[in-house]
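In: here are the coordinates; sequence isn't available:
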Ligand SMILES: Cc1cc2nc3c(=O)[nH]c(=O)nc-3n(C[C@H](O)[C@H](O)[C@H](O)COP(=O)(O)O)c2cc1C
Ligand SMILES: C=C(O[C@@H]1CC(C(=O)O)=C[C@@H](OP(=O)(O)O)[C@H]1O)C(=O)O
């Protein structure tokens, strides 16, 4: 499966075209819209989310609520465009009084993008570099989740650290963990930590500053054998890390114990193998469900680090690219913290990659063929 996405943050809208999705999968617009709604939420978001109420418009690839196996086109409108019609006009003339951006914001694509694409007005860079684009990625992930649901695979995420606040008291049971995260304004299942996290966001806002943090994505129900060790680009750990790292502001991905594994002896890292009479299982999951780039039947567990939002209301020094004078960086309307939203993006990105690996494993033309092949495969697995 693959996709191409397009769209500027304050242009008319965003689009995504998905290719390779199997046919005959019942899909619901409500499920997609619900994921889009979740992506907009979270304490610390800026004013933009009060303007937008994201919903998807599907213009190809689905008929009578089922996928056709042909390219699926999904569009998400930018409600804010009505406030930008002249400044973001597609074919109109540039307004004489247009305020252009010349002072790149550290942490953004502004400087490198303006030089790379020969843009004077940095808006030409930031419009596409913006994380607004994650709305379409989430829409694709929301379709993928519906495919995964047919095979009992569930993808969830929750916030484990925000700035220097660490969630400690987390429920062991996954359903309870997710219920608590869903009820939290910062998607953190530890109530005490949640209050401190909210305080950190308030502190950042008060100081014209921003915060990031870490979220964890958990995939339950993955069969053993997704991905492959045979070629580097088929390794599922690399594909997951690559997809997550391509999300705006994501700067680190750990699978299982991740960096902690490097600090321990092997005997305290690797997961002993047992058999309970019907299947192989592990007494620990330091590998995070992936060995050799292949799922091993345990939960896939990934931790993802997001840097603090780059636009600072109390800006850092920059350079005016017109005059080369030292000036403060541009201020663009901005979030203070988008970690809860990023965790929803992460969930959906992971859902996409796992669905891609599943269609690869099972043959992805129709849901029926996938199901037949899944049943056969699971039978074979149970005989090993
Ligand atoms: C959901 C989400 C919302 C974001 N909101 C903002 C924002 O309001 N202001 C901002 O400066 N950066 C925001 N970012 C981060 C920037 O888009 C990102 O840092 C920038 O494009 C540079 O890319 P890089 O951090 O991946 O290098 C957001 C990121 C995500 C995932
Ligand atoms: C629009 C979204 O996020 C935007 C991501 C973003 C950035 O620089 O990445 C900057 C802000 O844009 P604006 O200046 O329009 O408020 C965020 O609001 C969204 O997530 O829907």
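Out: Looks like it arrived, so ask away. Everything quoted here is computed from the prediction, not taken from an experiment. Ligands and ions are numbered 1, 2, ... in the order given.
In: what about residue 53, which SS state?
Out: Here residue 53 is coil, with the state taken from DSSP: H, G, I helix; E, B strand; the rest coil.
In: again, but for residue 134
Out: Criterion first, three-state DSSP; result for residue 134: helix.
In: so who does the residue nearest to it when sequence neighbours are not counted touch?
Out: Once flanking residues are discounted, residue 134 sits nearest to residue 345: 4.6 Å by CB to CB, 6 or more residues apart in numbering. Any C-beta I mention is one placed from the backbone N, CA and C, and that applies to glycine too. Taking CB atoms under 8 Å, 6 or more residues apart in numbering, we find residue 345 in contact with 39, 131, 134, 137-138, 141, 247.
In: at 6 Å what do you get?
Out: 134, 138, 247 (CB atoms under 6 Å, 6 or more residues apart in numbering).
In: Next to ligand 1, which bits of the chain? Give me the list.
Out: Where the chain comes near ligand 1, counting by CB under 6 Å from any ligand atom, the residues are 46, 107-109, 129-131, 134, 247-249, 307, 309-311, 334-335, 338, 341-342, 345.
In: could you check the distance from the residue in the stretch 151-300 of the chain that ligand 2 sits nearest to over to residue 219?
Out: Proximity of the stretch 151-300 of the chain to ligand 2 (CB to the nearest ligand atom) peaks at residue 248, 5.3 Å away. Between residue 248 and residue 219 the computed distance is 22 Å (CB to CB, to the nearest Å).
In: more neighbours, the two?
Out: Applying other CB atoms under 10 Å to residue 248 and residue 219 shows that residue 219 carries more neighbours, namely 27 against 19.
In: correct me, but the more buried one touches residue 298?
Out: No - with contact defined as CB atoms under 6 Å, residue 219 does not count as touching residue 298 (9.9 Å).
In: Show me what stretch 248-261 is in contact with.
Out: Contacts of stretch 248-261 (CB under 6 Å, 6+ apart): 131, 237, 241, 244-245, 269, 286-288, 290, 301-307.
In: Revised request: answer the last question for stretch 84-97.
Out: 10-11.
In: Just to be sure, residue 251 is in a helix?
Out: No - Residue 251 is assigned strand when assessed by three-state DSSP, not a helix.
In: Use 32 as the first number for this chain going forward.
Out: Yep, numbering from 32; the last one is residue 282 now.
In: How about the contacts made by the closest residue to ligand 2 within the stretch 232-381 of the chain?
Out: Residue nearest to ligand 2 within the stretch 232-381 of the chain (CB to the nearest ligand atom): residue 364, separated by 3.9 Å. Counting by CB under 6 Å, 6+ apart, residue 364 touches 77-78.
In: Is it within a helix or a strand, and which one?
Out: For residue 364, there is no host helix or strand (DSSP states H and E).
In: What values do phi and psi take at it?
Out: phi -50, psi 140 (degrees, to the nearest 10).
In: Ligand 2 contacts on this structure?
Out: So the chain meets ligand 2 at 40, 77, 79, 83, 161-163, 166, 279, 363-366 (CB under 6 Å from any ligand atom).
In: Find the pair from those with maximum spatial separation.
Out: Distance extremes for the residues of the chain next to ligand 2: the farthest pair is 166 and 363 at 17.9 Å, using CB to CB.
In: Distance check, the residue of the chain most remote from its centre against residue 117.
Out: No residue in the chain sits farther from the centre than residue 127, which is 38.6 Å out by CA atoms, centre = their mean. To residue 117, residue 127 is 11 Å away according to CB to CB.
In: Compare residue 166 and residue 363 (neighbour count), which wins?
Out: For residue 166 versus residue 363, neighbours defined as other CB under 10 Å are more numerous around residue 166 (26 against 18).
In: In this structure the more buried one contacts residue 108, no?
Out: No - here residue 166 does not reach residue 108: they are 9.9 Å apart, not a contact under CB under 6 Å.
In: Can you classify residue 146 as helix, strand or coil?
Out: helix.
In: what about it, how many neighbours?
Out: Around residue 146 there are 12 residues (other CB under 10 Å).
In: again with the one 5 residues further on
Out: With neighbours defined by other CB under 10 Å, the count for residue 151 comes to 12.
In: Could you measure from the nearest residue in space to residue 358 that is not next to it in sequence over to residue 147?
Out: By the measure of CB to CB, 6+ apart, the closest residue to residue 358 outside its immediate chain neighbours is residue 351, 4.8 Å from it. From residue 351 across to residue 147, the span is 19 Å (CB to CB).
In: and the two? which has more neighbours close in?
Out: residue 351 (14 against 10).
In: residues touching the more buried one, list them.
Out: 133-134, 358.
In: ok, of those residues, which one's closest to residue 413?
Out: residue 134 (62.1 Å).
In: Would you confirm that that closest one contacts residue 358?
Out: Yes - using CB under 6 Å, residue 134 makes contact with residue 358 at a distance of 5.3 Å.
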